[in-house]
Structure formats: structure tokens, C-alpha cells
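[1] got a sequence here, can you model it:
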Amino acid sequence: MLWRQIGKSIMIMRVRNQREVRFFTVAVSLVVLLGSMVLRFFILPDDLASETALPGAFMAVMISAPIAFFVGQRMQEIHELAARLEHEVYHDLLTGVCTRSRFHECAAELGDECSVVIVADIDHFKSFNDRYGHHAGDLALRQFAAILAENCRSDDIVARFGGEEFVVLLRDTNLSDGLVAAERLGRRIRHKPVFVDQQALSLTASFGVAILPPGGNVEVAIQQADRALYNAKHEGRDRAYVYDPARDSGPLPTNATVEPESSNNHVS
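    Okay, the predicted model is just below:
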């Protein structure tokens, strides 16, 4: 029973770095050494067990230590592989921010706090992509995501929902502070051009802001922020709008074009 329990403990151990590999090696070697000495005194006569204790202990350590070190190295590699796979599942491969599914997982864990949802969308991104190429578009997406992440707190959530649309969840935040945060993000994006082949290409973005009350439905908050984003686009882009039930509660026009494209991109 004891050895079975030890085996289970070893199986669930996580070896994350070389320091833990060495600790694992020492721990396993000590367990093997102790076990061999106990078995020796149980099986052999006392005088013979005493005479062979030192050579037996030396042999037990010489055999177990290299094996434990090898196993520890493999466990570290498995941990690193698992960490990479987890990161790829939870993070967008292009931008490094959270995926849509990870966003909803984190949102489901919110406590009794008021939060704010911001839907952010790069203005005229399709024209930018068509004019300067997919490489420039990818650079713009990476830079846009980096600005969002760098200007949010560590416990906020930044996710890419698809294309050039991103969703930010600001925890423990009221609506007025959420609008201030969205406007600050807009300024950061406006003042930091994307450099492609030594050419500075400016970007702007539009933002929709909505409240997520304690225990509220995050999907509803995203839809409200998306509707506010539509009005920000409709009113000229490069701005942040808060969801207003009196203005935004109706359905979007069926023929509405949120992002009419133009070939006139700003180049600085």
C-alpha cells in the first residue's frame, strides 16, 4: 500500500525546471535507499544485513539516481509540452491574446463584481489589408492586440473574436471608467503607426462599451457593446460609444454597412 501511494504521488508530480528535476532525483533516490535498507533488514539476518548495509545503500543510489534523473528530464519535457499545448488552445496564434472560448471560460468565473465589456474593431481594416498586403495586415493585428493587452490590467481579459474584432473585459469597473479606458486605447492606437518596409501606416479603431452587472449575461453585454460599436462606426469611426438603451436597443438595419471600405488609408 505504501509503495502504491508513493507511485501515485510520483505520477501526479509536476517537474517544471532543472531545479525540480534535481529535487525529484534526490527524493526518488532517498525513497529507494530507505526502501532497500528496510527490506534488507526484513529479509536478511541481522548480522548479514548490517555487513551489507553500506554496499547495498551505495548500489541502490548508483542505480536509482540516473534512472530518476532520466525520468525527471522526461517529466519536465512533458510539462513544457503540455504548457505549450495549453497556451495554443487558450491563445490566438497570430496575436497571442485569448481565444473566444477562453474569454467565455474566464467570464464565467467572474464573482459578484461590476465589469465592463469593450468591443474593439480596427477601422477600414479590409482596405488596409487589400492595399498593403496580408503581411502588413498581420503586423497591424499583432500591434493592435499588443496595445490592448499592454494598456489593460493583468486580471482583465483581452480576446480576439475573429478578423479585426477584439473584445476586452475590464473587471471591477464601472461604465464611466470603461469609457475612459476605451478612449485611452483609441489614443494609443492612433498615435502608434504600423511600420511596413520603413513606411509608417497609421491605424484607428472604434469601440463599443457596455456594462456587465454582477451575475449578468456576458453575451448580452457583448451584443450591447457591438451595437454601440456600430454607432461609433456610423458616426465617423475613431471613437468610443457607450451602449444607450434608448438609442441602441432596436435591431440593426438589415442593409446597414458597419464598415464601408475606402481605399483612402491614412499614411504618416
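
[2] mind checking what helix or strand follows the helix or strand of the chain at the bottom of the mean pLDDT ranking in sequence?
    In the chain, the helix or strand scored least confidently by mean pLDDT, DSSP states H and E is helix 2-12, which has a mean of 51. Using DSSP states H and E, the helix or strand that follows helix 2-12 in sequence is helix 18-43.

[3] what residues sit buried inside that next one?
    20, 21, 24, 25, 27, 28, 29, 31, 32, 33, 36, 40 (16 or more other CB atoms under 10 Å). To be clear about C-beta, it is placed using only N, CA and C from the backbone, and glycine gets the same treatment.

[4] who touches the third one in this structure?
    This means residue 24. The contact partners of residue 24, by CB atoms under 8 Å, 6 or more residues apart in numbering, come to 13, 15, 68, 71, 72, 75.

[5] what is the burial count for the fourth one?
    It refers to residue 71. When counting by other CB atoms under 10 Å, one arrives at 16 neighbours for residue 71.

[6] spit out the contact partners of it.
    Going by CB under 8 Å, 6+ apart, the list of residues near residue 71 reads 24, 28.

[7] now the second one
    Listed by CB under 8 Å, 6+ apart, the contact set of residue 15 reads 21, 24, 72, 75, 76, 79.

[8] now do 10 Å
    By CB atoms under 10 Å, 6 or more residues apart in numbering, the contact list for residue 15 reads 21-25, 71-80.

[9] nearest to residue 47 among these?
    Proximity of the contacts of residue 15 to residue 47 (CB to CB) peaks at residue 25, which lies at 32.8 Å.

[10] and the closest one, how far from residue 147?
    The gap separating residue 25 from residue 147 is 45 Å, by CB to CB, to the nearest Å.

[11] just residue 186 next, same as before
    10 Å.

[12] what sits in contact with each of those two?
    Taking CB under 10 Å, 6+ apart as the criterion, residue 186 and residue 147 both touch 120, 205.

[13] in the chain, which spans are helices?
    Here the chain has its helices, by DSSP state H, at 2-12, 18-43, 46-90, 100-108, 125-132, 134-150, 175-190, 218-234, 245-248.

[14] ok, the residue nearest to residue 192 when sequence neighbours are not counted - how many residues close by?
    Nearest residue to residue 192 in three dimensions, chain neighbours excluded: residue 147, at 6.5 Å (CB to CB, 6 or more residues apart in numbering). Neighbourhood size, residue 147 [other CB under 10 Å]: 20.
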